[in-house]
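# turn this into a structure:
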Amino acid sequence: MRLAIMGSGGVGGYFGARLAEAGHDVTFIARGEHLAEMQRHGLRVESIEGDLHLAQVKVSDAPSRVGAVDAVLVAVKSWQVAEAARAIRPMIGPDTFVVPLENGVEAADTLAGILGQAHVLDGLCGILAWREAPGHIRHAGVSPFVRFGERDNRRSKRALRLKAAFDQARGVTAEIPDDIQVAVWSKFLFICAMSGIGSVTRAPIGVTRTLPETRTMIEQLLAEIEAVARARDVALPADAAAPALHFIDALPEASTASMQRDIMAGLPSELESQNGAVVRLGREAGVATPVNAMVHAALLPQERAARHITG
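Model (predicted):
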């Protein structure tokens, strides 16, 4: 397949590198020092699933020079999705489809609103990875997986084709779920709870899941997110919070969420796409979300400062 990776950090860099290693035609969209290093020395991935170094990669900061591709994997931060959708328009041909791999539950809606429903699947991924340095991705935890599918859950040839591409790559498990919305919200359960508790406490998950007071907060965050999903007619299984908590308990003790790392570094974060989204979607559905609201409110002053919002 001919693929483009929009956002070549921990997520996009890892999955794009695995697809390129498997022989697919992959173009990374990057910028700044990351772009320059990839142009000079390729892309290095340090991974618990096996290291790799692509000495030469296709990389550009201009989607307009790439041309139409078969598929685009969107791996930017949730708050950058709209900007990314506008930027990738030159890579969208009649049959191109786009798959979001963001942490939130609204990326596919945003992409469809800009690019058109026909071009968009829904999707998610699981991985603990980040850009260690320009041209260097570190994967430190979670066996990497991607899940994607048509938004109406029909089994399509294009989704099967992308799955076949991922099946050729090592260090990745790909799946087309029976219900992609259930899959997206199931991932959102644990990542939103983990992001919220980590961001407000500044502590790794090994601490917050062990301390009784913060473990209770995690459970409350999960319960509110589950309630919002059900109010929006997402067909989650009974007690959907239990497997999310099990996943959190299985993470390496030093694990932190990307939202937490951004907040601790004083950078703009996915706050509005995670705990903020729970509050907003809960309000629309008539569901109270007091713990997520507290987390959101506590982090909002720093988020506004990171975005240089005053008044």
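# give me the buried positions along the longest helix seen in the chain.
The longest helix of the chain (DSSP state H) is helix 180-201. By 16 or more other C-beta atoms under 10 Å, the buried positions in helix 180-201 come out as 180-201. C-beta coordinates here come from the backbone N, C-alpha and C atoms, glycine included.
# gap between it and the chain center?
The chain centre lies 11 Å from the centre of helix 180-201; the measure is C-alpha atoms, centre = their mean, to the nearest Å.
# who's in contact with R170?
R18, E21, A22, E49, G50 (C-beta atoms under 8 Å, 6 or more residues apart in numbering).
# any idea how far it lies from V45?
11 Å (C-beta to C-beta, to the nearest Å).
# likewise for M217?
34 Å.
# quick one, which of those two is more surrounded?
Between M217 and V45, V45 has the larger neighbour count (other C-beta atoms under 10 Å), namely 24 against 20.
# beta partners for that one?
L52, I137 (DSSP bridges).
# now it: how far from M1?
Taking C-beta to C-beta, one finds V45 at 19 Å from M1.
# next: R161.
Taken as C-beta to C-beta, the span from R161 to M1 is 7 Å.
# can you check L267 too?
From L267 to M1 the distance is 33 Å (C-beta to C-beta).
# the two: who's more crowded?
The neighbour count for L267 versus M1, taken as other C-beta under 10 Å, is higher for M1 (18 against 14).
# where does the more buried one land on pLDDT?
If you check M1, the pLDDT there is 97.
# can you check the one 10 residues further on too?
At V11, the model reports a pLDDT of 97.
# over to the one 3 residues further on?
In this model, Y14 is scored at 98, pLDDT.
# and the helix or strand containing it, what does it pack against?
Assessed by DSSP states H and E, Y14 sits inside helix 10-21. The contact analysis (3 or more C-beta pairs under 8 Å, 6 or more residues apart in numbering; DSSP states H and E) places helix 10-21 against strand 2-6, strand 25-29, strand 43-47, strand 52-54, strand 69-74, strand 122-133, strand 136-149, helix 157-167.
# need these in a markdown table with distance to Q80, can you?
A markdown table is the format used below for the helices and strands packed on helix 10-21 (distance: least, C-beta to C-beta, whole Å):
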| stretch | distance to Q80 |
| --- | --- |
| strand 2-6 | 9 |
| strand 25-29 | 12 |
| strand 43-47 | 21 |
| strand 52-54 | 24 |
| strand 69-74 | 9 |
| strand 122-133 | 15 |
| strand 136-149 | 18 |
| helix 157-167 | 22 |
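# to T96, which of the ones you listed lies closest?
strand 69-74 (6.0 Å; C-beta to C-beta).
# what's next to the closest one, contact-wise?
Residues contacting strand 69-74 (C-beta under 8 Å, 6+ apart): 1-7, 12, 15-16, 27, 81, 84-85, 88, 91-93, 95-102, 107, 111, 158, 161-162.
# give the buried subset of those as a ChimeraX selection command.
Burial among the contacts of strand 69-74 is assessed by 16+ other C-beta under 10 Å; the matching ChimeraX selection reads:
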select :1,2,3,4,5,6,7,12,15,16,27,81,84,85,88,91,92,96,97,98,99,100,101,102,107,111,158,162
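# follow-up on the earlier one: name only those of the contacts of R170 that count as buried.
Here, 16+ other C-beta under 10 Å leaves R18, E21, A22, E49 buried among these.
# backbone phi and psi for the residue nearest to A277 when sequence neighbours are not counted, please?
In space, and not counting its chain neighbours, A277 is closest to G104: 5.9 Å by C-beta to C-beta, 6 or more residues apart in numbering. With angles defined as degrees, to the nearest 10, G104 sits at phi -80, psi -160.
# next, count neighbours for G104.
26.
# same check on V72?
With other C-beta under 10 Å as criterion, V72 counts 28.
# how confident was the prediction at it?
So, for V72, pLDDT stands at 98.
# which strand residues bridge it?
A4, V98.
# quick one: it from Q117, how far?
In terms of C-beta to C-beta, V72 sits 15 Å off from Q117.
# can you give me the helices in the stretch 151-300 of the chain?
Along the stretch 151-300 of the chain, counting by DSSP state H, counting those that start in this stretch, helices occupy 157-167, 180-201, 205-208, 212-231, 241-250, 258-264, 275-285, 290-306.
# just the ones you listed: most buried one?
helix 180-201 (a mean of 24; mean count of other C-beta atoms under 10 Å).
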